[in-house]
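Participant: sequence and predicted structure are below.
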Amino acid sequence: MPPESILYRKFTTESDIWSFGVVLWEIFTYGKQPWYQLSNTEAIECITQGRELERPRTCPTEVYTIMQGCWQREPQQRLNIKEIHRKLQALVKAPPVYLDILQ
């Protein structure tokens, strides 16, 4: 959940965008739980202090940039769904990116 949902129980379209960024992260980690190595209290502390989930090894930089756009601390600075759609469409049309995931 985004900071405003944790701290103030505020749920908006912008908080849904934050969650979409987390869903992308979960896809590229093959279903890992965000902050799985931390207690709930520690995870909340990380989120409210502005820490971001790290880029998964199998995630292209361009997709991680979209995730980061979803995780802006200020809700009005987050990407909107039209921007996300445009960026994902551009990635689909771009030549494939190959990752060296065996490192």
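Facilitator: Cool, got the structure. Residues are numbered from 1 along each chain as shown.
Participant: please count neighbours and contacts with C-alpha atoms only from this point.
Facilitator: Will do.
Participant: can you check which helix is longest in the chain?
Facilitator: Determined from DSSP state H, the single longest helix within the chain is helix 13-28.
Participant: and that one, what does it pack onto?
Facilitator: Here helix 13-28 touches helix 61-70, going by 3 or more C-alpha pairs under 8 Å, 6 or more residues apart in numbering; DSSP states H and E.
Participant: pLDDT on the helix or strand following the helix it packs on, on average?
Facilitator: Scanning forward in sequence from helix 61-70 by DSSP states H and E, the next helix or strand is helix 81-93. What helix 81-93 shows for mean pLDDT is 96.
Participant: now swap in stretch 27-47 and tell me
Facilitator: For stretch 27-47, the mean per-residue pLDDT is 95.
Participant: report the central residue of the chain.
Facilitator: In the chain, the centroid-proximal residue (C-alpha atoms, centre = their mean) is Gly21; its distance is 2.9 Å.
Participant: that older thread, send me the longest helix of the chain as PDB with only the CA atoms.
Facilitator: The C-alpha coordinates for helix 13-28 follow below in PDB (Å, rounded to 0.1, in the frame of the first residue of the first chain):
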ATOM      1  CA  THR A  13      -7.100   6.200  -8.200                       C
ATOM      2  CA  GLU A  14      -3.500   7.300  -7.400                       C
ATOM      3  CA  SER A  15      -3.200   4.600  -4.700                       C
ATOM      4  CA  ASP A  16      -4.400   2.100  -7.200                       C
ATOM      5  CA  ILE A  17      -1.500   3.200  -9.500                       C
ATOM      6  CA  TRP A  18       0.900   2.500  -6.600                       C
ATOM      7  CA  SER A  19      -0.600  -1.000  -6.300                       C
ATOM      8  CA  PHE A  20      -0.200  -1.500 -10.100                       C
ATOM      9  CA  GLY A  21       3.500  -0.800  -9.700                       C
ATOM     10  CA  VAL A  22       3.700  -3.500  -7.000                       C
ATOM     11  CA  VAL A  23       1.800  -5.900  -9.200                       C
ATOM     12  CA  LEU A  24       4.400  -5.400 -12.000                       C
ATOM     13  CA  TRP A  25       7.100  -6.000  -9.400                       C
ATOM     14  CA  GLU A  26       5.400  -9.200  -8.300                       C
ATOM     15  CA  ILE A  27       5.200 -10.400 -11.900                       C
ATOM     16  CA  PHE A  28       8.900  -9.900 -12.500                       C
END
